[in-house]
Structures are given as C-alpha cells and as structure tokens.
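Student: Pasting the sequence and the predicted coordinates here, then a few questions.
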Amino acid sequence: MKIKIRRINEKYNDLPLPSYATGGSAGMDVYATTDEPITIKHGEVKMIPTNLAIALESGYECQVRSRSGLAAKNGVFALNAPGTVDSDYRGEIKIILANFGEADFTIERGDRIAQLVIAQYEHIGWSEVESLDETDRGEGGFGSTGVKQ
C-alpha cells in the first residue's frame, strides 16, 4: 500500500520520512522537527511537531504509539497512545508526549519520538437489544481473571 505524505516545511527535508527500524517492525519511527531543543519537564505534556501530513484512504487510520525505549528508560510516552490520525485529517501530525520519568527530558531535532502504525477499521451500526448472549466470563472484568496462572 502506498500512502500520500507531504512535508509541510522544506527546511526539514533532510530528516527521513517515517520508516521501519527492522523487517519485522509493525510501527514506523517518526522524527521530531524542531529548530531548538524542546525540554519536557517531569510531569509535563508537550506536543512535538513532525512536519508531516498524510492522506489515508477511507477505512484506514494512522495510530500513534509510544516508543518502548523512551517509555522504559525515560518515562516518556505518547500520552493518548494509541492516538488516531483519521483518514479525513490533512493537518500536521503532532505527537503528544508526556514525561512521567524522574528527570526532565530533552527532544532534539531528528530524535525518534513515536511510532506510526497504519490499521484498517470498519464503520459499524448499533443494534440495540434488551439483553446480550451469556458467556462464561459474563460481566467479570477489571482483573476478574486474576494475576497468577
């Protein structure tokens, strides 16, 4: 599948388009486009520009996900992950990063800040009913199956 992508400002043309780090990667790394370092203080949330806009076909979304290394090592993650870029959105993709690490974290121009995953979805219609089919699980949720085997 080919997806149309546009760089918003040519001064960032030296940065790569989103790309897969390995042959088995589901997500494509996306890069920060900033002229000055952006520091995200402990407990702070900032929107980081990518300089990219895309045109998805109807029935597809672009999911924005955290990079595991940033989250595990620094406590920095995409706040609403997975975030959704809808098929009819044509503006700049910005990454909402939150810092729940112990120290401030600085984003530099060209840093890999998140992953993008393209996923197919379907629009559905609701069928309102008085009751639902019974299952073994029933209404059990929120840890009802326990932690141990």
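Tutor: Received, thanks. Residues are numbered from 1 along each chain as shown.

Student: tell me the contacts of residue 117?
Tutor: 26-28, 62-63, 65, 82 (Cβ atoms under 8 Å, 6 or more residues apart in numbering). To be clear about C-beta, it is placed using only N, CA and C from the backbone, and glycine gets the same treatment.

Student: Oops, could you answer that again for residue 91 instead?
Tutor: Going by Cβ under 8 Å, 6+ apart, residue 91 touches residue 53.

Student: where along the protein do the helices fall?
Tutor: Using DSSP state H, the helices found in the chain span residues 68-74.

Student: which strand residues sit across from the residue positioned nearest the centre of it in the sheet?
Tutor: By Cα atoms, centre = their mean, the chain has its centre lying nearest to residue 64, at 1.4 Å. On the basis of DSSP bridges, residue 64 is bridged to residue 83, residue 116.

Student: Look at it and report its pLDDT.
Tutor: Reading off the confidence values, residue 64 has pLDDT 98.

Student: Residue 145 too?
Tutor: Listed pLDDT for residue 145 reads 72.

Student: what's the neighbour count on the nearest residue to it once chain neighbours are set aside?
Tutor: Using Cβ to Cβ, 6 or more residues apart in numbering and skipping the chain neighbours, the partner closest in space to residue 145 is residue 137 (7.9 Å). Around residue 137 there are 9 other residues, counting by other Cβ atoms under 10 Å.

Student: ditto for residue 112
Tutor: Using other Cβ under 10 Å, residue 112 is surrounded by 18 other residues.

Student: Ok, residue 113 next?
Tutor: 24.

Student: Would you confirm that residue 86 contacts residue 61?
Tutor: Yes. Here residue 86 reaches residue 61: they are 6.3 Å apart, a contact under Cβ atoms under 8 Å.
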